[in-house]
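Enquirer: how would this look folded up:
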Amino acid sequence: MNTTSETGRSARVVYRGPGAARSLLVGLGALAAVVGLACAEPLDEPNEDSLKASFVAQIEADEYVRDLNVYGNEIHFARRDGSGEHVEWEVRIDSLSVEPWAGDEADVAGRVVSGWSVAGRPVSVEVGPNGLVTDMPIWVLDAGLAPECWALWDEEAKTWGW
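Expert: The predicted model follows:
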């Protein structure tokens, strides 16, 4: 279709239909995903993104964890409790930090501070006369995780060790 603009110039208007708009939106979505990936920190370097990914992987590595989903700094999953029933867990990451480490084991350490809840009830952690007292399950502690935990960066393997 040809039309005349306000300036007297001829212009061609092309109608591409709803499929064109959908294609444009899909293309813009793909571009946004690529830009997002380009802006994310690499996972084979000691940074907050690789620390968070490793923290999530530690949870997911438990053979009884099911339906794990990450929404920003919240991790949701199901796991069997002592009675064998699956209960809902939520882990909220409050802070991630990567710092120099003055030990022989590594040059860099990562610290994760998080809040844990199971079936909507917070998991308690208190300081008692003999140290920390918690009702955090053994499977979490055995994985090297806790409401405040540290990981050391293995430069050779390019991974965090819990």
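Enquirer: how about the nearest residue to residue 118, chain neighbours excluded?
Expert: residue 89 (5.3 Å; CB to CB, 6 or more residues apart in numbering). C-betas here are computed from N, CA, C, even on glycine.
Enquirer: for the protein, which residues score under the pLDDT cut-off?
Expert: Low-confidence regions of the chain, defined by pLDDT under 70, span residues 1-41.
Enquirer: could I get the full set of helices for it?
Expert: 18-39, 48-60, 138-142 (DSSP state H).
Enquirer: quick one: contacts for the residue nearest to residue 118?
Expert: 75-79, 116-118 (CB atoms under 8 Å, 6 or more residues apart in numbering).
Enquirer: how does this protein divide up, domain by domain?
Expert: 2-39, 48-161 (automatic domain parsing).
Enquirer: for the longest one, measure first residue to last.
Expert: If I follow you right, that is domain 48-161. 14 Å (CA to CA, to the nearest Å).
Enquirer: what separates the biggest strand by length in the chain from the chain centre, distance-wise?
Expert: In the chain, taking DSSP state E as the definition, the longest strand is strand 86-100. Strand 86-100 has its C-alpha centroid displaced from the chain centroid by 9 Å (CA atoms, centre = their mean, to the nearest Å).
Enquirer: buried set for that strand?
Expert: Within strand 86-100, the residues that qualify as buried are 89-91, 93, 96, 98, counting by 16 or more other CB atoms under 10 Å.
Enquirer: give me the sheet partners of it and which way each runs.
Expert: On the basis of DSSP bridges, the sheet neighbours of strand 86-100 come out as strand 74-80 (antiparallel), strand 108-118 (antiparallel).
Enquirer: residue 75 pairs with what?
Expert: Here residue 75, judged by DSSP bridges, has bridge partners residue 70, residue 91.
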